[in-house]
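Engineer: here is a sequence with its predicted model. Questions after.
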Amino acid sequence: MTVASRTFSLTVSTLAAASSQHASRLIRDFMRDEGQFVPSIALVDGVVLALASIALLVYFIHHIAESIPGRHRPPPHRSGGAATQQAGH
């Protein structure tokens, strides 16, 4: 979580610095040039990668939650059955 928040904050601060230094020129060039567009394959790839990232994040959180021992989960069974456990007492 820390890595994600730091990456996001660094990205936003970099974009803010770039836009403050080149804002008027970038906006003017962007508004003037109507021929630029993002190819549809790039949009589809972006959406697919975003959905895959969300799915992997959910799986990771579930895996971590399952690996933490707690009271809600009974202890694992030992092989050998009840007779072996009683003989050891």
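Structural biologist: Yep, that arrived.
Engineer: rounded mean pLDDT for the longest helix along the chain, please.
Structural biologist: Using DSSP state H, we find that the single longest helix of the chain is helix 2-32. Averaging pLDDT along helix 2-32 yields 73.
Engineer: equivalent analysis for stretch 70-83, please.
Structural biologist: Mean predicted confidence for stretch 70-83 is 63.
Engineer: also stretch 39-59?
Structural biologist: Taken as a whole, stretch 39-59 has a mean pLDDT of 90.
Engineer: over to Arg78. Which of the three states is it?
Structural biologist: Of the three states, Arg78 takes coil under DSSP: H, G, I helix; E, B strand; the rest coil.
Engineer: next one: phi and psi at it?
Structural biologist: Per-residue torsions, Arg78: phi -90, psi 150 (degrees, to the nearest 10).
Engineer: what about it, how many neighbours?
Structural biologist: 10 (other CB atoms under 10 Å). For the C-beta atoms, the positions are set from N, CA and C on the backbone; glycine is no exception.
Engineer: which secondary structure elements does the longest helix of the chain contact?
Structural biologist: Counting contacts by 3 or more CB pairs under 8 Å, 6 or more residues apart in numbering; DSSP states H and E, helix 2-32 packs against no other helix or strand.
Engineer: what's the next secondary structure element after that helix?
Structural biologist: Next in sequence after helix 2-32, counting helices and strands by DSSP states H and E, comes helix 40-67.
Engineer: next, the angle helix 2-32 makes with that next one.
Structural biologist: For helix 40-67 against helix 2-32, the angle by axes from the mean of the first three to the mean of the last three CA atoms, to 10 degrees is 160 degrees.
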